[in-house]
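Asks: need a 3D model of the sequence below.
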Amino acid sequence: MTKPASTNYQIIQNLYSAYESANLEAFYSDLSPSITWKESDGFPTPGVFRSKEEIVENVFKVLEREWAVFRFELDSLVDGSDEHVVAVGTYRGTHGETGKSFEARASHVWRLSGRKIVGFEQFADTHLMQSAAVGSLVEK
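Replies: Below you'll find the model as predicted:
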C-alpha cells in the first residue's frame, strides 16, 4: 500500500517540526525550485529570494552570523485554503553585537502548489528587532 500524499497543512507542520529539531534537509525538502520567499521590509534580512540557495545565503546565514540567538516559535497554524497555510508565532532573539534581546509577534503566509512550497511571505513587528540590533531607535 502506498502512503497517501501529505496535505498542505501537514507539509507546513512538518517544516516547522524540522526547524525545531534543526533538521535542515527536511526543512528545505518541500521547497519548490521556483519559490518566491519574501522577508518583511525592516526585518534583519529584507528582500525577495527566488531559490533555496538565495534563502540560505541571504536569510539564514545572515541571521546566524549577526544574531547570537534568533528563532521563530510557532503558536498555531491556520489551514487557509486549498493553497495557503498561515503560521502565527513569535520571533525571539539576542543580537550578537549589542547583546540586546527582543520578542516580536509574526505571521508567515505559505502558498503551496502540487505539494511543493511555492511562496512564503512574512509579516513581523520589525521595529522591535531593529531596536535590539542598533539600540533604541528613539532618543530619550
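
Asks: make it CA atoms for all contacts and neighbour counts henceforth
Replies: Fine.

Asks: wait, what's in contact with residue 15?
Replies: Shown in contact with residue 15 (Cα atoms under 8 Å, 6 or more residues apart in numbering): 26, 27, 28.

Asks: which stretch of helix or strand covers residue 54?
Replies: With elements taken from DSSP states H and E, the one containing residue 54 is helix 52-55.

Asks: ignoring the adjacent residues along the chain, who's closest to residue 24?
Replies: residue 18 (6.8 Å; Cα to Cα, 6 or more residues apart in numbering).

Asks: was I right to think that neighbour contacts residue 30?
Replies: No - with contact defined as Cα atoms under 8 Å, residue 18 does not count as touching residue 30 (11.3 Å).

Asks: tell me how far the ends of stretch 70-87 are from each other?
Replies: Start and end residues of stretch 70-87 are separated by 17 Å (Cα to Cα, to the nearest Å).

Asks: buried residues in that stretch?
Replies: For stretch 70-87, the neighbour count (16 or more other Cα atoms under 10 Å) marks 70, 72, 73, 74, 77, 79, 83, 84, 85, 86, 87 as buried.

Asks: what of stretch 51-64?
Replies: Here stretch 51-64 shows 51, 52, 55, 58, 59, 63 as buried, counting by 16+ other Cα under 10 Å.

Asks: hmm, back to that, which of the contacts of residue 15 has the most neighbours?
Replies: residue 27 (19 neighbours; other Cα atoms under 10 Å).

Asks: can you pull out the strands in the protein?
Replies: Ranges of strands within the chain are 31-39, 47-49, 67-79, 84-95, 101-113, 116-124, based on DSSP state E.

Asks: would you turn those strands into JSON lines with mean pLDDT and distance to residue 130?
Replies: Formatted as JSON lines, the strands of the chain follow (pLDDT from 0 to 100; distance: least, Cα to Cα, whole Å):
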{"stretch": "strand 31-39", "mean pLDDT": "97", "distance to residue 130": "14"}
{"stretch": "strand 47-49", "mean pLDDT": "98", "distance to residue 130": "16"}
{"stretch": "strand 67-79", "mean pLDDT": "97", "distance to residue 130": "12"}
{"stretch": "strand 84-95", "mean pLDDT": "97", "distance to residue 130": "10"}
{"stretch": "strand 101-113", "mean pLDDT": "97", "distance to residue 130": "9"}
{"stretch": "strand 116-124", "mean pLDDT": "97", "distance to residue 130": "11"}
